[in-house]
Each structure stands twice: as C-alpha cells, then as structure tokens.
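# Quick one: sequence and predicted model below, then my questions.
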Amino acid sequence: MKQMKNATVCTVAVLLALMTSFPATAFESPAPPEKLADGEIAKLQPYIGNWEINSKWANGQALWARNEYRIGMSGKFVEANTYAKDGDGKPYHRYKTIFTYDEAKKKFVSYGFTSEGKVQVVENNVEIVDGKIALTSSWAMGESEVKQTVKLVSDEEYTWNVWTRPKDGDAEWKPAMEGTWKRTE
C-alpha cells in the first residue's frame, strides 16, 4: 500500500513538472499589425493611438475621457476603448466600439458596447472635409436623437461635435458638445 502511495505521489509530481515546463498555448500570438489593411478601413489610420479630452457638455457638466484606438484582427477592424469619469470619480471603461467597413452596405459600421450592457450598431459616413478625415453618425438614444461629427484637425487633435433633439417631431438640433481631443501617445 505504501509503495502505491509513493508511486502515485511520484506520478503526480512528474505530471506537474511537465505541465509547468510547457507553454500554456500551442501557439504564440502574432504581434498586431502597425497599419490598417488596404481599402476603406485604412482611412481610419490617423485615429490609431491614445487621445484625451477635458471639456464641458453644453449643460456645464465637466467631461474627462480617454479614447484608445487600436488595430484589430489583421488590420480589418479598429477597436476603440473609451474611459471616462463622472465628476471627481475614478476613470472607468464606459464604451467599447468596433469599427469596420461593411462591403455589402458600402458603409463604415460601428458596434458599440456600453458599461450598462447595451449594444448598438451605427452606420458612419467617412468623408474628406478640408483635406482631413471626418466621421459623422446619428442614432436614437432613449427619447432623443443624437448626431455627431468627429473631424481630424491635425495629427495631434480632432474635434468632436454632438447635437441632440427629441426623437418625435422636427425640432432643431441643439449643441450638446463642442470639444477637442488631443493625442497623448
């Protein structure tokens, strides 16, 4: 009986030693590409990097946020993580957005995920305005409609304009944000 216990302990020890000497995966993750793939998605290349904004909403509420744009899945997607803080609170991961170019629709599409567990798919127009890339989009949010324009000003800044109006009716768009994001790295 004692020999059987010793053999079991020895077998377990050998198995543990083998398990810790091999990598946890059978492959090594490739380094992410440095550039977006050729084609329409490449228009978003200037946004890749980290950006921050310190501004105020039209109602006077302070806004600090950080956008981190990364190249995803062989350069076919842009992954954007947005961190924000409420008042003097600590930053938290508020949004994750994945951008791609939908060949069937001939449109840029973003899949947005919120920290509240909501998901929204939005079509984006990408155009050249004054020689710079600009993205415009609109969507419903609760009882309101929202539209925004994100426009590259330089390699170091982009502007962000947001307007809202009630969903029902033909009310005029009211400015909600006029801010500038600055590249941090």
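Perfect, I can see it now.
# bridging residues for the residue nearest the centre of the chain?
For the chain, the residue nearest the mean C-alpha position is Ala80 (1.4 Å; Cα atoms, centre = their mean). Here Ala80 sits in beta bridges with Tyr69, Thr97, going by DSSP bridges.
# Give me the phi and psi for Asn44.
In this structure residue 44 is Leu, not Asn. Here is the backbone geometry of Leu44 (degrees, to the nearest 10): phi -90, psi 0.
# Given the strand or helix carrying Tyr111, what are its sheet partners and their directions?
Per DSSP states H and E, Tyr111 falls inside strand 107-114. Partners of strand 107-114 in the sheet, by DSSP bridges, are strand 92-102 (antiparallel), strand 119-129 (antiparallel).
# now the helix or strand just after the last one: mean pLDDT?
Beyond strand 119-129 in the direction of the C-terminus, DSSP H and E gives the next helix or strand as strand 132-141. In this model, strand 132-141 has an average pLDDT of 91.
# Please give the centre-to-centre distance between the helix or strand just after strand 132-141 and its chain.
For strand 132-141, the following helix or strand on the C-terminal side (DSSP H and E) is strand 144-154. The chain centroid and the centroid of strand 144-154 are separated by 15 Å under Cα atoms, centre = their mean, to the nearest Å.
# what's the angle between strand 144-154 and strand 132-141?
In terms of direction (axes from the mean of the first three to the mean of the last three Cα atoms, to 10 degrees), strand 144-154 departs from strand 132-141 by 170 degrees.
# now for strand 144-154, which elements pack on it?
Using 3 or more Cβ pairs under 8 Å, 6 or more residues apart in numbering; DSSP states H and E, the elements in contact with strand 144-154 are strand 132-141, strand 157-166, strand 174-183. Using the backbone N, CA and C atoms, a C-beta is placed for each residue, glycine as well.
# partners of the first one in the sheet?
By that I understand strand 132-141. Here, using DSSP bridges, strand 132-141 pairs with strand 119-129 (antiparallel), strand 144-154 (antiparallel).
# Can you say which helix or strand has the residue nearest to Leu44 when sequence neighbours are not counted in it?
Spatial nearest neighbour of Leu44, excluding adjacent residues (Cβ to Cβ, 6 or more residues apart in numbering): Val78 at 5.0 Å. Counting by DSSP H and E, the element that carries Val78 is strand 77-85.
# Sounds good, over and out.
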